[in-house]
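> Test case, fold it:
(chains A, B, C and D)
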Protein chains: 2
Amino acid sequence: MKKMTIQEDLKEKGLKSTKHRMAILDILVKKDHPISAEQIFFEIQEMDVAINLSTVYRNLEVLVEKSMVTKLTLSGDNRSVYEYNRMVHRHYLICLGCKKILAIEHCPIKKYEQQIESETDYKIVGHKLDLYGYCPECREK
Amino acid sequence: MKKMTIQEDLKEKGLKSTKHRMAILDILVKKDHPISAEQIFFEIQEMDVAINLSTVYRNLEVLVEKSMVTKLTLSGDNRSVYEYNRMVHRHYLICLGCKKILAIEHCPIKKYEQQIESETDYKIVGHKLDLYGYCPECREK
DNA sequence: TTGGATGCAAAAGTTTTGCACGGTT
DNA sequence: AACCGTGCAAAACTTTTGCATCCAA
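Numbers count the residues shown, from 1 in each chain, chains lettered A, B, ... in the order given. All right, here's what the predicted structure looks like:
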């Protein structure tokens, strides 16, 4: 499978490449951690592009639907966060002090999934693992 | 540490044993999976006890504060769910078909946590692992 | 040109809060 | 009696939706 630009990817999925949609994806692609709809909204405004919050939500909805973006809710927070779907398995390390979110690459639980499948007779299709702790700066306090 | 009743536990934490607080804890203790504030609200009404939703929220807040209850948000859903804190490590298996939530006992990632600690210099204090899949009934469809 | 995308305003859903009153210790 | 807990109403906050208009293909 050949590498696609985001525009080609959108086209293939029947989505138009609008200015707003591209701006949302640009922001998400650049982040290495998930952010909220409102943060995306503010960042687009800072780029001097006018946009409505509902447009952000509507775009995120279709992008999640088309699997280009993943929607997550991290514990403790009532709002959802979104990240660009790099088709890479990721986990997060969330600092309980400053709320900073760090992405972690490797995943230890493939074997665990198989074990649970045979125990429960479920078909497991995915999982979510978040770690909570304190970053070096917040440990001090 | 001697086994305490819920009332003793409340007293020790400086919380009064009110009818409503006890009802909320009774419900949570009986469940083996987390439920929402609204579900708790409805169950208490079914017990023919009048209660206000905000009372449920306020109680859940203090109970979480005192570590008697854990607040979680499971992916996909915008609302929080709560469970009685049995001081046992639990993970969940969520059926993407019928949204049923199953608790899973054992946890495979203590070693993984240590590894991440040395890699990142964070102090890890906990984690959350949810598995997603389809239960035997929903697999068919 | 045409159907998807957007802005705006309003609604819906969840959670929080102010204040007066009630109940537990 | 003192103070925590509660009901009620309103507010705050996040997310969704209806409808008219706009714009990318």
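
> near DNA strand D, which residues of chain A show up?
A:11, A:16-19, A:36-38, A:53-54, A:57-58, A:61, A:78-80 (C-beta under 7 Å from any atom of the strand). C-betas here are computed from N, CA, C, even on glycine.

> Looking at these, which one is closest to residue B:32?
residue A:78 (24.6 Å; C-beta to C-beta).

> Just confirm that closest one contacts residue B:73, I think it does.
Yes. In this structure residue A:78 lies within contact range of residue B:73 using C-beta atoms under 8 Å: 7.4 Å.

> average pLDDT across stretch A:65-81?
The average pLDDT within stretch A:65-81 is 87.

> Now do the shared contacts for residue A:78 and residue B:73.
residue B:80 (C-beta atoms under 8 Å, 6 or more residues apart in numbering or on different chains).

> can you tell me the helix or strand for the residue lying farthest from the centre of chain A?
The C-alpha centroid of chain A is most remote from residue A:119, which lies 30.3 Å away (C-alpha atoms, centre = their mean). Assigned by DSSP states H and E, residue A:119 belongs to helix A:110-120.

> same thing with residue A:97?
Using DSSP H and E, residue A:97 falls outside every helix and strand.

> Please name the residues that touch it.
A:134, A:135, A:137, A:138, A:139, A:141.

> Is the fourth one in contact with residue A:94, as I believe?
No. The pair residue A:138 and residue A:94 fails to qualify as a contact (C-beta under 8 Å) at a distance of 11.2 Å.

> who has more neighbours, the two?
Neighbours per residue (other C-beta atoms under 10 Å in any protein chain shown) separate residue A:138 from residue A:94, with residue A:94 holding more: 24 against 16.

> So that one sits against residue A:103, correct?
No. If you go by C-beta under 8 Å, residue A:94 and residue A:103 don't touch, sitting 10.6 Å apart.

> which parts of the one helix or strand residue A:44 maps to are buried?
Under the criterion of DSSP H and E, residue A:44 resides in helix A:37-46. Residues of helix A:37-46 classed as buried by neighbour count (16 or more other C-beta atoms under 10 Å in any protein chain shown): A:37, A:39, A:40, A:41, A:43, A:44.

> try stretch A:61-70
So, applying 16+ other C-beta under 10 Å, buried residues of stretch A:61-70: A:63, A:64, A:68, A:69, A:70.

> filter those residues by proximity to chain B?
For chain B, no contacts are drawn from the buried residues of stretch A:61-70 by C-beta under 8 Å from any C-beta of the partner chain.
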